[in-house]
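J.: With the sequence up front, the predicted model follows.
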Amino acid sequence: MPGVVYDTGALLAAERGDPNLWALHRRTLRSTAVQPIVPVVVLAQAWRGGPQAQMSRLLRGCHVQPDTTMIGKAAGAACAAARSRDVVDAIVVVTAVALGDALVVTSDVGDLTRLADALQVKLDLFPV
């Protein structure tokens, strides 16, 4: 299985108990070489305080990745190329590109596709 990147929609799907998201997460965790990546800005966008028990459960199996200067610059360039202001989506896309052949779990297929197209890269998307 390739790398996996969760966007905000994936975290929200976990919280609402989406069975498809949880099945994918379990398959991913069974793969010894893969730990799902959650960019820290994705966590910031999804987290609203309180227990958020299902999201917290999902995050225990994930690597929350801090942003870097390189990712920030690449996301800004992606926004410019796609004429987008959504830096969180751009960070998800450039994180997936940096991982290579990564699966992106998203509720925002259209925006991520537009960003990927602007960068002339192909993303493997799993809609939730």
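T.: Sure, I can see it. Nothing here was measured: the structure is a model prediction, and the numbers come from that model.

J.: Going by C-alpha atoms from here, please, whenever you check contacts or count neighbours.
T.: Will do.

J.: Contacts for stretch 90-106 next, please.
T.: 2-10, 39, 42, 71-72, 74-76, 78-79, 112, 115-116, 121, 123-128 (Cα atoms under 8 Å, 6 or more residues apart in numbering).

J.: From start to finish, how long is that stretch in a straight line?
T.: Stretch 90-106 has an end-to-end distance of 12 Å (Cα to Cα, to the nearest Å).

J.: now do stretch 57-71
T.: Counting by Cα to Cα, you get 27 Å between the two ends of stretch 57-71.

J.: And the strands in the protein, which stretches?
T.: Here the chain has its strands, by DSSP state E, at 4-6, 37-39, 63-65, 103-106, 124-127.

J.: same for the second one, what does it pack against?
T.: So that's strand 37-39. strand 4-6, strand 63-65, helix 87-99 (3 or more Cα pairs under 8 Å, 6 or more residues apart in numbering; DSSP states H and E).
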